[in-house]
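> I would like to see how this sequence folds:
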Amino acid sequence: MFTAVSREPIAYAHPWDVPFEERIAALTAKSRRIAYFYGRPDTSTFRYRVFNMVEALEAAPDLDISASWFTWDDLWTAESFLDRADVLVLCRVSYEANVHRLITRARARGLPILFDIDDLIFDTDYTHLIVETLDQEMHEDKTWLHWFGLIGRVGATLRQCDGAIVTNQILAEKVRQFAPWIDARVVPNFLNRRQQRISCDIYNAKSNSGFARDGQVCAGYFSGTPTHNRDFAIVAQTLARLLGEYPQLTLRVVGFLEPKGALLKHKSRIEVFPLQDFLNLQRLIGQVEINIAPLQMNEFTNCKSELKYFEAAIAGTLTIATPTFTFERAIRDGETALLAPAQGWEAKIREAIGIVENTARYREMAEAAYRHVEDTYSWHRFGDAIEAAVFGRGAGGVGDQQVAAAAQ
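Prediction:
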């Protein structure tokens, strides 16, 4: 692992713990105003699709757009933020009576209503695929009640909107197939200011130390939800075999996954961390040499974003990823990261270990990936893409085109 990255936790507090009055003031700061609505703030979808969007707009003063977010707790005063907004964006909101009332109020005020979605969880035709991909219990009624209910309710809200904002072109096409009257535009996921600042500090510490290491080679698996068993299974046997072959190899698992099976023979070389806040996650990613991002290849995973690549790259860590739609478009294989098809993981991990132990080669790839991510996924670079998606300026998908062009 890299010796220049601090082992001390980073002080953290949710940056979205902001009183309602301050959020209303932020909404009304400029002439064009976007009100985002999300159930309750969290470190996943809310952070990427609401908080980061608001922060990106704050970094683009020439656009004269202000934005803020509102939640279930603000519904009692919905009129106060709807009266001040020009556009309402509902982010991954499941249909219910309060949502119906919110939409009705927005319609009465003539507000365009957009739906932001980062996953293929709005069309019940994909329920079986989703349940299988996420390794849910397929022989219990409660599984199907939950997933059909969730997906159906998200889809019901989407269908009441005027447009959609998604994370990539595959997902945009799925929205158009589901609701042909809805124009789906792309704004990819990207970093936020605090996350990028901490990550750049980590990268600079590694670079200034000459990417000094302790002699071990650590592969990290960073799971944000408890639904990645099948994804990790793609590499579990390979990792167990390689841990037996390479005494310098260790494994770090962060999140909900519990190593089992053949991996338990090497449990003394496996460290497990609980789910992290988004700053300390960057610290743990930055400490390891290899970030592994295996995914099953199907329509559901092709709608996923490339965040596991850019969050590692900005901290100077090499990624190996499945060549899904977004990973393949974002990554230059062998230059900024490695792409591993299902049967190619062993070869790619071996290749990565060789790169790690060749410091000059590792530095070359880490620098290329860092520059690519800094140029493409920085928190202050997406104001124009958000404006185009929300207010309809320019061609749909401008954000996705921006990412694809940068990867060339």
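> quick one, domains of this protein?
In terms of domains, the chain is parsed into 31-190+380-407, 193-376 (source: automatic domain parsing).
> quick one: furthest residue from the center of this protein?
Most distant from the centre of the chain: Ala108, at 34.1 Å, with distances by CA atoms, centre = their mean.
> do you know the pLDDT at it?
We note a pLDDT of 96 for Ala108 in this prediction.
> same check on the one 4 residues further on?
pLDDT, the model's per-residue confidence, is 97 for Pro112.
> ditto for Ala26
The score at Ala26 is 97. That number is its pLDDT.
> measure it to Tyr221 for me?
37 Å (CB to CB, to the nearest Å). Just so you know, the C-beta spots here come from the backbone N, C-alpha and C atoms, and that holds for glycine as well.
> same check, this time on Ile386
Counting by CB to CB - Ile386 and Tyr221 are separated by 32 Å.
> what's the closest of the domains of the chain to Ala11?
domain 193-376 (8.4 Å; CB to CB).
> mind checking the end-to-end distance for that closest one?
14 Å (CA to CA, to the nearest Å).
> what do you get for stretch 253-272?
For stretch 253-272, the end-to-end distance is 5 Å (CA to CA).
> chain center to that stretch: distance?
Relative to its chain's centre, stretch 253-272 lies at 24 Å (CA atoms, centre = their mean, to the nearest Å).
> just to revisit the earlier point, higher neighbour count, Ala26 and Tyr221?
More crowded of Ala26 and Tyr221, by other CB atoms under 10 Å: Tyr221, with 25 against 18.
> and that one, bridged to which residues?
Val253 (DSSP bridges).
> so it makes contact with Ile292?
Yes - counting by CB atoms under 8 Å, Tyr221 does reach Ile292; the two are 5.4 Å apart.
> spell out the residue ranges of the strands in the stretch 151-300 of the chain.
163-166, 183-186, 217-222, 249-254, 270-273, 290-293 (DSSP state E, counting those that start in this stretch).
> partner strands of the second one, parallel or antiparallel?
For strand 183-186, the paired strands and their directions (DSSP bridges) are strand 163-166 (parallel).
> picking that back up, out of the domains of the chain, nearest to Ala4?
domain 193-376 (3.8 Å).
> quick one: distance of stretch 228-243 to the chain centre.
22 Å.
> mean confidence score for that stretch?
Rounded mean pLDDT across stretch 228-243 is 93.
> buried set for that stretch?
228-229, 231-232, 234-236, 238-240, 242-243 (16 or more other CB atoms under 10 Å).
> part of a helix, is Trp69?
No - with DSSP: H, G, I helix; E, B strand; the rest coil as the criterion, Trp69 is located in strand rather than a helix.
> if we can go back for a sec, what residues are shared contacts of Tyr221 and Ile292?
Val235 (CB atoms under 8 Å, 6 or more residues apart in numbering).
> any chance of the strands of the stretch 151-300 of the chain in a markdown table, plus distance to Tyr48 and mean pLDDT?
Shown next, in a markdown table, are these (distance: least, CB to CB, whole Å; pLDDT from 0 to 100):
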| stretch | distance to Tyr48 | mean pLDDT |
| --- | --- | --- |
| strand 163-166 | 12 | 98 |
| strand 183-186 | 14 | 96 |
| strand 217-222 | 15 | 97 |
| strand 249-254 | 18 | 97 |
| strand 270-273 | 21 | 96 |
| strand 290-293 | 16 | 98 |
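> let's have these in TSV, adding distance to Lys174.
Formatted as TSV, the strands of the stretch 151-300 of the chain follow (distance: least, CB to CB, whole Å):
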stretch	distance to Lys174
strand 163-166	8
strand 183-186	8
strand 217-222	26
strand 249-254	30
strand 270-273	34
strand 290-293	22
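> between those, which one is nearest to Val93?
In terms of CB to CB, the element of the strands of the stretch 151-300 of the chain nearest to Val93 is strand 163-166, at 12.2 Å.
> how many neighbours does the residue lying closest to Ala85 once chain neighbours are set aside have?
Spatial nearest neighbour of Ala85, chain neighbours left out: Ala35 (3.8 Å); criterion: CB to CB, 6 or more residues apart in numbering. By other CB under 10 Å, the residues close to Ala35 number 26.
> can you classify Ala35 by secondary structure?
Applying three-state DSSP: Ala35 is strand.
> tell me which residue is most central in this structure.
Leu307 (4.3 Å).
> OK, contacts around that one?
Per CB under 8 Å, 6+ apart, neighbours of Leu307: 48, 189.
> wait, is His372 part of a strand?
No - the assignment for His372, made by three-state DSSP, is helix rather than a strand.
> tell me the contacts of Val356?
213, 217, 289-290, 318, 362.
> for the stretch 301-408 of the chain, which spans come out with low pLDDT?
393-408 (pLDDT under 70).
> can you pull the contacts of Pro15?
51, 194.
> which of the contacts of Val356 lies closest to Trp345?
Closest to Trp345, out of all of the contacts of Val356 and judged by CB to CB, is Ile290, at 11.7 Å.
> ok, how many other residues are close to that closest one?
Count around Ile290 with other CB under 10 Å applied: 25.
> same question for Glu22.
Burial of Glu22 is recorded as 10 neighbouring residues (other CB under 10 Å).
> what residues are up against it?
Glu22 neighbours (CB under 8 Å, 6+ apart): none.
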